[in-house]
Structures are given as C-alpha cells and as structure tokens.
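# Here is a sequence with its predicted model. Questions after.
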Amino acid sequence: MFRRDESFAQDTQVEFRSMWRKHFQIECANETLRQRLLARPFFNLADAFDSLDLNEDGRLTLTELERLIESKGYTVSQ
C-alpha cells in the first residue's frame with residue numbers, strides 16, 4: 001500500500017499545486033469582474049456578447065476575437 005501523495009513525482013506535485021493555485025486566482029478574478037459588471041445598472045452581458053458576435057451565430061469565431069483585440073490596438077498573429 002502507498003500513500004496518495006506518493007503517486008506523483010515531487011516535480012509533478014509542485015506543478016499540480018501551482019496549476020490549482022492559478023486556477024483559483026483566475027476564478028476569484030472572474031467573480032470580482034462579474035460582481036463589478038452586475039453593479040452597473042445598464043450593463044447587459046447578452047448585449048455585450050451580441051455586439052461581438054458579428055455573424056450572429058451564437059458563438060465567437062477566431063475572426064471576431066481577432067477583430068476585438070485589434071480594435072483595442074493590439075496586434076494579433078496566428
């Protein structure tokens with residue numbers, strides 16, 4: 001019988017913990033942003049999405065994302 005924490009090499013354990021730490025940091029940032037957007041009385045997430053969905057197919061394509069990023073002054077490459 002072996003302990004569960006012995007299932008992975010030490011380097012793998014460190015990377016795994018790091019990955020989860022980053023995941024939770026991103027989740028916290030997302031929740032903060034969500035709350036800030038909800039506090040805006042005239043903000044509507046569906047309308048914001050629709051403004052990016054140029055071909056109105058219900059999803060954002062690579063071209064639509066590139067256009068958004070470039071409209072903010074950034075260069076996009078493949």
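Yep, it's here. Numbering: from 1, shown residues only.

# Report the separation between Phe49 and Asn55.
From Phe49 across to Asn55, the span is 13 Å (C-beta to C-beta, to the nearest Å). (Each C-beta comes from the backbone N, C-alpha and C, glycine too.)

# go on, Thr32?
Summarising the geometry, the distance separating Thr32 from Asn55, computed by C-beta to C-beta, is 31 Å.

# give me the element Phe8 is part of.
Under the assignment given by DSSP states H and E, Phe8 is not contained in any helix or strand.

# List the residues that contact it.
Phe16 (C-beta atoms under 8 Å, 6 or more residues apart in numbering).

# So which residues of the chain form strands?
In the chain, no segments count as strands under DSSP state E.

# Longest helix in it, please.
What stands out as the longest helix in the chain, according to DSSP state H, is helix 10-38.

# tell me which residues in that helix are buried?
When neighbours are counted by 16 or more other C-beta atoms under 10 Å, no buried residue of helix 10-38 is found.
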